[in-house]
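Undergrad: When you get a sec, could you give me coordinates for this:
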Amino acid sequence: MTAVNAPRTPLDLRARTGGTVAFRLDELGGRRVMVVEVSGENRGALRSEDGENLAVAARTARQLRVPLVCFVASSGADLSEGVAAIHGWGTAAREFVACSGVIPMVFCVDGLAVSGPALLLGLADLVVMVEETYAFVSGPQMVQRFTGEELSNEGLGGASMHTRTSGVAHFTVTDRDEAVELVTELLNFLPDHADSLPAPVPCVDPVNRPTPEAGDLLPDTATGSYDVRHVIECIVDDGHLLEPRAAFATNLVTAFATIGGRPVGIVANQPQSVAGTLDIPSSQKGGRFVAFCDAFNLPLITFVDTSGFYPGKDLEWRGMIRYGAQMAFAYARATVPRVCVILRKSYGGAYIVMDSRYIGNDLMLAWPSAEIAVMGAKGAIEILHREASEEERVALVAAYEERFLNPYVAAERGSVDKVIEPADTRAALVAALDALIGKRERLPRRRHDNTPL
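TA: Numbers count the residues shown, from 1 in each chain. Alright, predicted model coming up:
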């Protein structure tokens, strides 16, 4: 007699088609998932039948409403098949797009990923790369032919580069076994599909645990630096964070965690990196993460400490306006429970973008150390009182700070719901999530929105 909790036997699908793509219904950590393997002879080159298998795997996962986990090691289309192989890849890409926002898609690169298979990584929700693997659309030979620049596979598209520079890789691991463990942990934070909620996680960390140590981490000076991850660790269950894209756009932290046993997505400015200001990479990183959490019903907790957008000609010329709008766009259309906590500085446009009351959050909390304003006192006085002497400016700055740079003015105007002590932050967030568990919000009917890209 089979035990009730015994793992199910994997079910191979289309097993007689051969080729480089195989897929099966399997279990990871007790969760039923669709596992796809792209590897094999001829360096995993894709035939037209392989593209069809990829498409069937994605479509079946979507119909069964189970996460899709894909292990990729492929050199691209099989040159011996010509354009038919490319047609197969196009069919697969269309099915992956249909899965977007419906089921979680996690891709793991455990070999090479070239051309079409590399582009599929851009369609995934989360990408894990094994060390010493690489992914690129055009290889070193093509780069040298067109640009004259000589690069190795690692230099052009290695796991390290995609982790730090391109942001393609959300995580880097040492081997496939570690990749499987990581994917299993990721799935613990996610539901099977967009129509269900993430399962609660057993929690022994008291929900009303005081967190005074979180406030102690803030420096005495307004310009002092600290690691916001240490603040978050004080507040979440057991101090545990799982941080995708940790080495990319380090001025913004995005992470999965649980609070009171409830999985959440966390977004936080990182004062350790360019003073926590927002730039193009961090706006892309934050916007994508917020959209992902909203798609899969993860409540969003935002911790704010930023003096604004990073200034510079280069950023403006590269499209800071367009990319900066991605964060605002993602937050404004998010329908999941959203709670914002202002730790210290919250200035200018970045104050609005970081899930402010006016972008539509559900609850705005602030520590007594919070400063909410258009800009810092010194910059404001330099604009408002250009003709003032140095002594006058010192007095004016002090007066400005006393009058405007505190959370109580914002609370009087309704921009902040409550000013809380750092020690009460965990309890306040647990209470907020409990209150918002039944939140239901409908978006206006339309074909789709037009995300600023």
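
Undergrad: so Arg426 is in which element?
TA: helix 425-435 (DSSP states H and E).

Undergrad: Contacts for that helix, please.
TA: For helix 425-435, the external contacting residues (Cβ atoms under 8 Å, 6 or more residues apart in numbering) are 207-211, 214, 234-235, 259-260, 262, 264, 299, 301, 337, 339, 341, 362-363, 365, 367, 418, 420. Where C-beta positions appear, they are placed from N, C-alpha and C, glycine not excepted.

Undergrad: Next: stretch 156-175.
TA: 109, 118, 121-122, 126-136, 139-140, 143, 152, 154-155, 179, 182, 244-245, 247-249, 281, 284-285.

Undergrad: residue ranges with poor pLDDT in the stretch 251-400 of the chain?
TA: Flagging of the stretch 251-400 of the chain using pLDDT under 70 yields the residue ranges 374-400.

Undergrad: what about the strands in it?
TA: Assigned by DSSP state E, counting those that start in this stretch, the stretch 251-400 of the chain shows strands spanning 252-259, 262-269, 300-306, 338-347, 363-366, 371-373.

Undergrad: Return a selection command, for use in PyMOL, containing the buried ones of the contacts of helix 425-435.
TA: This is the PyMOL syntax for the buried subset of those, where burial follows 16 or more other Cβ atoms under 10 Å:
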select buried, resi 207+211+214+234+235+259+260+262+264+299+301+337+339+341+362+363+365+367+420
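
Undergrad: Pull the contacting residues for the most centrally placed residue in the chain.
TA: By Cα atoms, centre = their mean, the chain has its centre lying nearest to Phe289, at 2.8 Å. Shown in contact with Phe289 (Cβ under 8 Å, 6+ apart): Pro244, Arg245, Thr254, Gly265, Val267.

Undergrad: can you pull up the bridge partners for the last one?
TA: Counting by DSSP bridges, Val267 is bridged to Thr254, Thr302.

Undergrad: what sits against it?
TA: Leu252, Val253, Thr254, Gly286, Phe289, Val290, Leu300, Ile301, Thr302, Phe303, Met354, Asp355.

Undergrad: how far away is the last one from Glu371?
TA: Summarising the geometry, the distance separating Asp355 from Glu371, computed by Cβ to Cβ, to the nearest Å, is 17 Å.

Undergrad: Neighbour count: the two, which is higher?
TA: More crowded of Asp355 and Glu371, by other Cβ atoms under 10 Å: Asp355, with 30 against 23.

Undergrad: I'd assumed Ile301 was in contact with the more buried one.
TA: No: look at Asp355 against Ile301 with Cβ atoms under 8 Å: they stay out of range, at 9.2 Å.

Undergrad: Between these two, which contacts overlap?
TA: Residues within reach of Asp355 and of Ile301 at once, by Cβ under 8 Å, 6+ apart, are Val267, Cys340.

Undergrad: Now do the residue nearest to the centre of the chain against Thr254, distance only.
TA: The gap separating Phe289 from Thr254 is 4 Å, by Cβ to Cβ.

Undergrad: Overlap of the contact sets of those two?
TA: Joint contacts of Phe289 and Thr254 (Cβ under 8 Å, 6+ apart) are Pro244, Arg245, Gly265, Val267.

Undergrad: Turn the residues you listed into CSV, columns for distance to Cys203.
TA: Formatted as CSV, the shared contacts of Phe289 and Thr254 follow (distance: Cβ to Cβ, whole Å):
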residue, distance to Cys203
Pro244, 22
Arg245, 26
Gly265, 17
Val267, 22
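
Undergrad: and the two most separated of these?
TA: Greatest spatial distance among the shared contacts of Phe289 and Thr254 (Cβ to Cβ): Arg245 and Gly265, at 12.7 Å.

Undergrad: between these two, who's got more neighbours?
TA: A count of neighbours by other Cβ under 10 Å puts Arg245 above the other of Arg245 and Gly265, at 27 against 24.

Undergrad: Pop out the phi and psi values for that one.
TA: Main-chain dihedrals, Arg245, degrees, to the nearest 10: phi 50, psi 40.

Undergrad: Please export the C-alpha coordinates of the helix or strand harbouring Gln63 as PDB.
TA: Per DSSP H and E, Gln63 falls inside helix 48-64. Presented in PDB, the C-alpha positions along helix 48-64 are these (Å, rounded to 0.1, in the frame of the first residue of the first chain):
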ATOM      1  CA  SER A  48      12.000  21.600 -35.100                       C
ATOM      2  CA  GLU A  49      10.600  18.700 -33.000                       C
ATOM      3  CA  ASP A  50      12.500  20.000 -30.000                       C
ATOM      4  CA  GLY A  51      10.800  23.400 -30.400                       C
ATOM      5  CA  GLU A  52       7.500  21.600 -30.500                       C
ATOM      6  CA  ASN A  53       8.300  19.700 -27.300                       C
ATOM      7  CA  LEU A  54       9.200  22.900 -25.600                       C
ATOM      8  CA  ALA A  55       5.900  24.400 -26.700                       C
ATOM      9  CA  VAL A  56       3.900  21.400 -25.500                       C
ATOM     10  CA  ALA A  57       5.700  21.400 -22.200                       C
ATOM     11  CA  ALA A  58       4.800  25.000 -21.500                       C
ATOM     12  CA  ARG A  59       1.300  24.700 -22.700                       C
ATOM     13  CA  THR A  60       0.700  21.500 -20.600                       C
ATOM     14  CA  ALA A  61       2.100  23.300 -17.500                       C
ATOM     15  CA  ARG A  62      -0.200  26.200 -18.100                       C
ATOM     16  CA  GLN A  63      -3.200  23.900 -18.500                       C
ATOM     17  CA  LEU A  64      -2.400  21.900 -15.400                       C
END
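
Undergrad: residues making contact with it?
TA: 13-14, 17-23, 25, 32-34, 36, 38, 46, 67-68, 70, 78, 81, 84-85, 87-92, 94-96, 98-99, 102-103.
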